[in-house]
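# just coords:
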């Protein structure tokens, strides 16, 4: 589904199909929100490059746009910085990087839920501002961006 670009809206750019399924669960939890899950980028580097080529310009054009890059951190503590290296400084407050510290497949095994159910749980916990899913060892590294997202969700 396409979003109204002139109203506050979220785009989610998943790295791969597993992350797309997580994002779909998240999107389904906010049926009245202006959210669109984009096609998978085929790797975190492609997500970063896509942002540099296309989304920097588009976000400047649409100041109501917020963007989530949903990537695997692959046990790399500096992955967030690597992903956002091509984000213009003027846009950084509207760009969020989230993902499993390893791979979504390990998160799925650890939580014993489908990707979509994990996405729904994460969405619910964003709104409730509590919950144990985000506190899981494979997700707790997202805390800073999660707090920023919660502020945006509660603001409108």
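Good, I have the coordinates. Not measured: the values here are computed from a predicted model.

# tell me how many other residues surround residue 78.
Neighbourhood size, residue 78 [other Cβ atoms under 10 Å]: 9. (Each C-beta comes from the backbone N, C-alpha and C, glycine too.)

# state the pLDDT value of it.
At residue 78, the pLDDT value in this model is 95.

# the chain: strands as residue ranges?
In the chain, the strands defined using DSSP state E lie at 9-14, 35-37, 65-70, 95-98.

# need the contact list for the closest residue to residue 105 other than its chain neighbours.
Closest residue to residue 105 apart from its sequence neighbours, by Cβ to Cβ, 6 or more residues apart in numbering: residue 18 at 6.3 Å. Residue 18 is in contact with 103, 104, 105, 108, 115, counting by Cβ atoms under 8 Å, 6 or more residues apart in numbering.

# OK, contacts around the last one?
Put plainly, it is residue 115. Going by Cβ under 8 Å, 6+ apart, residue 115 touches 18, 21, 22, 24, 25, 104, 108.

# can you pull the buried residues of the helix or strand bottoming out on mean pLDDT in the chain?
Least confident helix or strand, the chain: helix 143-155 with a mean of 89, by mean pLDDT, DSSP states H and E. In terms of neighbour count (16 or more other Cβ atoms under 10 Å), helix 143-155 has its buried residues at 145, 146, 149, 150, 153.

# how about the contacts made by residue 103?
18, 72, 74.

# got the confidence number for the first one?
So that's residue 18. pLDDT, residue 18: 97.

# where's it relative to residue 123, distance?
To residue 123, residue 18 is 17 Å away according to Cβ to Cβ, to the nearest Å.

# now the second one
As judged by Cβ to Cβ, residue 72 and residue 123 stand 19 Å apart.

# what's the answer for the last one, then?
With distances taken as Cβ to Cβ, residue 74 is found 24 Å from residue 123.

# which one's more surrounded, these two?
Using other Cβ under 10 Å, the more surrounded residue of residue 74 and residue 123 is residue 123, with 22 against 13.

# report the buried residues of stretch 66-75.
Those would be 66, 67, 68, 69, 70, 71, 72, 73, for stretch 66-75 by 16+ other Cβ under 10 Å.
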